[in-house]
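Asks: quick one: sequence and predicted model below, then my questions.
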Amino acid sequence: MLIGSGTMSLYQHRKELISQLISHDLEVSVIAPDGDEASLIQDLGCNYIQINMETRGTNPFADMKLLSSIVATIRRVKPDLVLTFYTKTNIYGGIACRITSTPYIVNITGLGSAMVSGGLKQKLVSTLYKAAVKDANLVYFQNKSNRNYFRDNHFGINAFQMLPGSGVALDRHRLLPYPADNSKIKFVFIGRVIAQKGIGEFIEAAKSIIRRYPETEFHIVGPVEGIAGPIVESIKTNPHFVVHGKVIDVRPILKEMHCTVFPSYYPEGMANVLLESAAAGRPIITTDCPGCVETVEDGVTGFIVKPRDSKSVADAMERFIALHPAEKENMGLKGRMKMEREFDRQIVIDAYLTQINSILSSLH
């Protein structure tokens, strides 16, 4: 059984794992809130079970109802093993597994903003997370910073391993032809359009670049949330900006782009947008932050910038613009090679299959 906080993320990043589990004659159930990809998950051949969940809410009554729903579902389905992903479902899925004495594997896909917010909220989430991982058969981490946080704060983990994020599906995210037209350099931001993902720094850097290099274009791809709304609205009439909104398949857009810029200071696990951009052969500009810095080799496959520093982002953009077209393309090709070497999703799937087979064998 897989438990996640959304059908889109589970389908996009776990469908190959689900398919291979099914191909090994394992019965797979997926628990997640309803979403557009629910039917696609069912089409993989697994049992989809809808739950109600406020993915970013902190209502204690709603969360207790969520826990009760997961416990009831586990008791009804009686899975041999549960896999949990993402902060809220790691917490309540893990606690539910402890309540029902069900073996489980936790994947730490980033700390989430609540874990680094300070104050009472951070203490509460940390306490719940400690309870959730206490009896886990295995905890997967996607970057060393997250692993060190759990270790230094005494989360009491029995066993852990490192994974290269969710990996990137190289057969789906193929190397794309690099744009032949270099008369207008196009940069793209892809992701949840929120402050912590660096959208403000991206826009400020873009404005600086536009003043010096008017033949540039800046694209924003992703759902706009919270205080980022007014910031994005303010540039919609600027002809140098293109706001796409939520896009299911970014590959057609990415094909037209010269460089992906992701100035995130969000506590990422491993930024999938960077893995997918590099796999497509696009150089990347990102921050020296956990979950981002691991995806790029500075000056080789892209550039590393300071977090919360629009000038640092603009400087990297200017360095990129100054490159010869062949150098830009070669930077992207080296990024693709790095993905093939270090971030192939099959690495992640093989790690899961090994652990799942070991746990299931011990049960019988």
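Replies: Happy to help now that I have it. Numbering: from 1, shown residues only.

Asks: rest of the way, CA atoms for contacts and neighbours
Replies: Fine.

Asks: check which helices and strands the host helix or strand of residue 10 sits against.
Replies: Assessed by DSSP states H and E, residue 10 sits inside helix 7-23. Applying 3 or more C-alpha pairs under 8 Å, 6 or more residues apart in numbering; DSSP states H and E, one finds that helix 7-23 contacts helix 38-43, helix 345-363.

Asks: which strands or helices does the first one pack on?
Replies: With contacts defined as 3+ C-alpha pairs under 8 Å, 6+ apart, helix 38-43 has these neighbours: helix 7-23, strand 47-50.

Asks: thinking residue 303 is in contact with residue 296, fair?
Replies: Yes: with contact defined as C-alpha atoms under 8 Å, residue 303 counts as touching residue 296 (7.2 Å).

Asks: ok, now which ones touch the closest residue to residue 95 other than its chain neighbours?
Replies: Spatial nearest neighbour of residue 95, excluding adjacent residues (C-alpha to C-alpha, 6 or more residues apart in numbering): residue 132 at 4.7 Å. Residues near residue 132 by C-alpha atoms under 8 Å, 6 or more residues apart in numbering: 90, 91, 92, 93, 94, 95, 98.

Asks: ranges for the strands of the stretch 101-250 of the chain?
Replies: Counting by DSSP state E, counting those that start in this stretch, one finds strands in the stretch 101-250 of the chain at the ranges 104-108, 138-141, 160-162, 185-190, 216-221, 241-245.

Asks: how close does residue 327 sit to residue 300?
Replies: As judged by C-alpha to C-alpha, to the nearest Å, residue 327 and residue 300 stand 10 Å apart.

Asks: coming back round to it: okay, the helices and strands packed on helix 7-23 in TSV with distance to residue 224 next?
Replies: Below are those laid out as TSV (distance: least, C-alpha to C-alpha, whole Å):
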stretch	distance to residue 224
helix 38-43	23
helix 345-363	28
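
Asks: turn the ones you listed into a markdown table, columns for mean neighbour count and mean pLDDT.
Replies: A markdown table is the format used below for those (neighbours: other C-alpha atoms under 10 Å; pLDDT from 0 to 100):
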| stretch | mean neighbour count | mean pLDDT |
| --- | --- | --- |
| helix 38-43 | 16 | 93 |
| helix 345-363 | 14 | 95 |
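
Asks: show me what the helix or strand bottoming out on mean pLDDT in the chain is packed against.
Replies: Ranking every helix and strand in the chain by mean pLDDT, DSSP states H and E puts helix 228-233 at the bottom, with a mean of 88. Applying 3+ C-alpha pairs under 8 Å, 6+ apart, one finds that helix 228-233 makes contact with helix 199-212.

Asks: identify each buried residue in the helix it packs on, please.
Replies: Across helix 199-212, burial judged by 16 or more other C-alpha atoms under 10 Å covers 199, 200, 201, 202, 203, 204, 205, 206, 207, 208, 209.

Asks: what does that helix contact?
Replies: With C-alpha under 8 Å, 6+ apart as the criterion, helix 199-212 contacts 189, 193, 216, 218, 228, 231, 240, 261-264, 308-311, 313-314, 317-318.

Asks: residues contacting residue 283?
Replies: Residue 283 sits next to 258, 259, 260, 277, 301, 302, 328, 329, 331, 332, 335 when contact means C-alpha under 8 Å, 6+ apart.

Asks: ok so, going back, so between residue 327 and residue 300, which is more surrounded?
Replies: Under the neighbour definition other C-alpha atoms under 10 Å, residue 327 and residue 300 were set side by side, and residue 300 has more, 17 against 13.

Asks: looking at that one now. What's its pLDDT?
Replies: Note on residue 300: pLDDT of 98.

Asks: again, but for residue 56
Replies: Reported pLDDT at residue 56 in the predicted model: 68.

Asks: which of the helices or strands spans the nearest residue to residue 316 once chain neighbours are set aside?
Replies: Among residues not flanking residue 316 along the chain, residue 303 sits closest, at 6.3 Å (C-alpha to C-alpha, 6+ apart). Take DSSP H and E as the rule and residue 303 turns out to sit in strand 302-305.

Asks: other SSEs contacting the next helix or strand after that strand?
Replies: As assigned by DSSP H and E, the chain's next helix or strand after strand 302-305 is helix 310-322. Helices and strands touching helix 310-322, by 3+ C-alpha pairs under 8 Å, 6+ apart, are helix 199-212, strand 284-287, strand 302-305.

Asks: next one: the longest one to chain centre, how far?
Replies: Relative to the centre of its chain, helix 199-212 is centred 25 Å away, using C-alpha atoms, centre = their mean, to the nearest Å.
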